[in-house]
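Asker: Let me see the structure of the following:
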Amino acid sequence: MTTIYAGLDIAKANLQLHLNGQFHDLPNSPAGHRRLIELLATQERVHVICEATGGYERDVVAALHQAAIAVSVLNPARVRHFARAQGQRAKTDRMDAAVLSAYGGSLQPKATAARTKLEQQLAELVRRRLQLLETLIAQRQQAERLTIPALRRQAQSLMRRLERDLAQTESLLTQLREQAAELDERVQRLEAIAGVGSITALGVLAELPELGTLNRQQAAALAGLAPHPRESGQWQGRRTIGGGRAAVRRALYMAALCAARSNRQLREFYQRLRTAGKPAKVALTAVMRKLLVLMNHVLKNPNFSLAT
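Answerer: Numbers count the residues shown, from 1 in each chain. Now for the predicted structure:
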């Protein structure tokens with residue numbers, strides 16, 4: 001049975017569906033999601049292709065999973081590269097939907113697994129905490145430059161509110177961990193790695209729920225930490241990283257800095273790279289990759305014992 005790939009361009013208020021060469025404009029709302037499912041149900045075997053859009057896709061993807069319709073949520077950078085390779089430079093919602101259909105037909109990506117309620121709640125809390133923390137830091141920096149007393153009082157009031165919201169969000173994260181035995185066990189195993197604290201463990205698990213089911217290459221690739229060679233003939237350029245889940249890299253960054261000092265094996269690994277002439281940024285990226293691979297191994301092998 002042939003699979004029909006349907007491209008779905010998602011915006012805050014609207015959906016653009018490309019199905020069998022036809023376009024359908026729909027609202028990004030419960031009513032629009034029901035209509036989308038009705039249109040897709042006319043096909044015997046259909047697979048929806050969409051992009052991650054900073055959260056606008058979550059409700060419609062959940063509705064598709066609920067209706068047992070296969071859906072792949074792609075990294076937008078991969079779709080852009082595909083579009084350029086196809087000679088597609090212009091950008092409209094309809095063109096984007098058509099490109100997504102073509103991407104599915106050409107590359108046939110795996111369906112994105114539905115997240116459990118626990119995974120959804122964890123991701124929501126972790127992202128909210130990060131948003132509040134970044135806003136608070138930015139507000140503190142701005143407040144230092146204010147000279148008008150009334151504006152300084154406004155900034156201080158806002159910072160107190162942000163601090164309360166941040167404390168409440170962290171409390172909710174703690175409660176979620178305490179109420180979910182499986183999550184707590186996974187976090188404890190990761191915390192046993194020198195350099196990995198609860199915030200890092202929760203952040204990585206929120207953005208990479210597959211951790212513990214992957215091989216080392218898959219883990220590095222999903223996080224965008226797998227180095228890409230740049231070669232042509234006799235020329236060899238620097239290997240680079242990119243793509244993947246930037247939020248995982250962000251969660252690992254501070255942990256890697258800490259591990260490069262406190263984790264004996266990773267400290268020695270980092271120092272070997274620096275002695276070999278690798279720039280500090282390259283060496284730290286390698287530590288991030290090695291740390292993620294270790295975290296994956298620890299969860300994948302419950303009987304694995306960390307060396308002291």
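Asker: residue ranges of the helices in the stretch 201-308 of the chain, please?
Answerer: 216-222, 246-262, 264-275, 280-300 (DSSP state H, counting those that start in this stretch).
Asker: Out of these, which is closest to residue 182?
Answerer: helix 280-300 (11.0 Å; C-beta to C-beta). In short, each C-beta sits where N, CA and C put it, glycine included.
Asker: one step back: let me have the helices of the stretch 201-308 of the chain in CSV, extended by mean neighbour count, distance to residue 132 and mean pLDDT.
Answerer: As requested, the helices of the stretch 201-308 of the chain are exported to CSV (neighbours: other C-beta atoms under 10 Å; distance: least, C-beta to C-beta, whole Å; pLDDT from 0 to 100):
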stretch, mean neighbour count, distance to residue 132, mean pLDDT
helix 216-222, 17, 26, 86
helix 246-262, 19, 15, 90
helix 264-275, 15, 30, 93
helix 280-300, 20, 24, 94
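Asker: In CSV: those, plus distance to residue 87.
Answerer: Formatted as CSV, these follow (distance: least, C-beta to C-beta, whole Å):
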stretch, distance to residue 87
helix 216-222, 27
helix 246-262, 28
helix 264-275, 41
helix 280-300, 33
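Asker: Looking at those helices, which is nearest to residue 56?
Answerer: Across those, closest to residue 56 is helix 246-262 (C-beta to C-beta), at 16.3 Å.
Asker: Output that closest one as CSV, restricted to C-alpha atoms.
Answerer: Output of helix 246-262 as CSV, limited to C-alpha atoms (Å, rounded to 0.1, in the frame of the first residue of the first chain):
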residue,chain,number,x,y,z
ALA,A,246,19.8,22.9,20.4
ALA,A,247,18.0,22.7,23.8
VAL,A,248,20.0,19.5,24.6
ARG,A,249,23.3,21.3,23.8
ARG,A,250,22.2,24.2,26.0
ALA,A,251,21.4,21.9,28.9
LEU,A,252,24.8,20.1,28.5
TYR,A,253,27.0,23.2,28.2
MET,A,254,27.3,24.1,31.9
ALA,A,255,27.5,20.4,32.9
ALA,A,256,30.4,20.0,30.5
LEU,A,257,32.2,23.0,32.0
CYS,A,258,31.8,21.4,35.4
ALA,A,259,32.7,17.9,34.3
ALA,A,260,35.9,19.2,32.6
ARG,A,261,37.0,20.2,36.1
SER,A,262,35.4,17.6,38.5
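Asker: which residues are in contact with stretch 164-179?
Answerer: 118, 121-122, 125-126, 128-129, 132-133, 136, 183-184, 187, 198, 202 (C-beta atoms under 8 Å, 6 or more residues apart in numbering).
Asker: chain center to it: distance?
Answerer: Computed by C-alpha atoms, centre = their mean, to the nearest Å, the chain-centroid distance of stretch 164-179 equals 21 Å.
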